[in-house]
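> sequence-free structure coming up:
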């Protein structure tokens, strides 16, 4: 048996993997892929569609989706077949139940280094001040991150109200005693306001400190360094207070990367065929790769299909590692 079949049987404990011959032959007709409603998930769905159709002879339909309803539908109803970018940490109960009941299979990491959230500084600030490695280090230097409304203070730029990341940043600001260290917590008002604050800092080569996440087009256009944290992860404390806006006494805590995996239904895994499942298991890219692609898409007003083609045309060194040489030849011919 090939490595993928063995690992799937052992790790997921599927009751029946079928004969190798049947698995290898596969049925790749009428495949449905969920494109979640954000840019990185859209382009990954388009990329899978192009590769599965042109490299493996599948017939693929892309449908709109979102994390909770899509993964719940896959676990309970067996449709759609594939969620290329499943943020599994957002729905742990659904994923764990689907895996234990053998309705879902996690093929592997879609983002090799996980989805990143945290506090960032511009790369040029990081290079000029190599001593700044953590949030605590940055908060020693309010003069490097001036508040645009009060130059006597430093600024920590936050996301808009209603975001989970905004709540966590507010709580971390309290935990680090940001106000006592000479900083203001700036409400940017909207996603556009947060993006604009980074763009202005870069245009003027000024310091900037605040909340952001990856993969995003902004971090593809404006290189940023994610700061480390000054305490290890405490899951119980995170749930009790760091992610709870009403908690009055937050403590230092590490903001760990979110696991982002490709999820398929077990029915699809059983019928898809070994080459397709091996591709999905191999298909993983880094935040740096995705950030660069999303920046290109934004600059060129490109949709997911455009982005997928641009990636395939310019990053063969990446995607050729996911497929066999024969499949790579087919993809190049389709381009």
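Cool, got the structure. Please read these numbers as outputs of a predicted model, since none were measured by experiment. Numbering: from 1, shown residues only.

> mind jotting down where the strands sit in the stretch 101-250 of the chain?
104-109, 116-122, 146-147, 150-158, 183-187, 210-214, 224-226 (DSSP state E, counting those that start in this stretch).

> format those as a markdown table; extra columns: mean pLDDT.
A markdown table is the format used below for those (pLDDT from 0 to 100):
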| stretch | mean pLDDT |
| --- | --- |
| strand 104-109 | 96 |
| strand 116-122 | 96 |
| strand 146-147 | 96 |
| strand 150-158 | 96 |
| strand 183-187 | 97 |
| strand 210-214 | 96 |
| strand 224-226 | 97 |
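
> among the ones you listed, which comes closest to residue 139?
strand 183-187 (6.5 Å; C-beta to C-beta). In short, each C-beta sits where N, CA and C put it, glycine included.

> picking up where we left off before, need the strands of the stretch 101-250 of the chain in CSV (columns: distance to residue 313 and mean neighbour count).
CSV is the format used below for these (distance: least, C-beta to C-beta, whole Å; neighbours: other C-beta atoms under 10 Å):
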stretch, distance to residue 313, mean neighbour count
strand 104-109, 24, 21
strand 116-122, 27, 23
strand 146-147, 42, 18
strand 150-158, 36, 19
strand 183-187, 40, 19
strand 210-214, 23, 23
strand 224-226, 27, 20
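
> turn those into a markdown table, including distance to residue 277.
As requested, the strands of the stretch 101-250 of the chain are arranged in a markdown table below (distance: least, C-beta to C-beta, whole Å):
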| stretch | distance to residue 277 |
| --- | --- |
| strand 104-109 | 7 |
| strand 116-122 | 28 |
| strand 146-147 | 52 |
| strand 150-158 | 42 |
| strand 183-187 | 46 |
| strand 210-214 | 28 |
| strand 224-226 | 33 |
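
> downstream of the longest helix anywhere in the chain, the next helix or strand is which one?
Counting by DSSP state H, the longest helix found in the chain is helix 39-56. Per DSSP states H and E, the first helix or strand lying C-terminal to helix 39-56 is strand 60-65.

> who's in contact with that next one?
30-37, 45-46, 48-49, 52-53, 80, 83 (C-beta atoms under 8 Å, 6 or more residues apart in numbering).

> closest to residue 96 among those residues?
Using C-beta to C-beta, the contacts of strand 60-65 come closest to residue 96 at residue 83, 15.4 Å.

> what mean pLDDT does the helix or strand containing the closest one get?
Assigned by DSSP H and E, residue 83 falls within strand 82-87. For strand 82-87, mean pLDDT rounds to 95.

> now do it: which elements does it pack against?
strand 31-36, helix 39-56, helix 67-77, strand 260-265 (3 or more C-beta pairs under 8 Å, 6 or more residues apart in numbering; DSSP states H and E).
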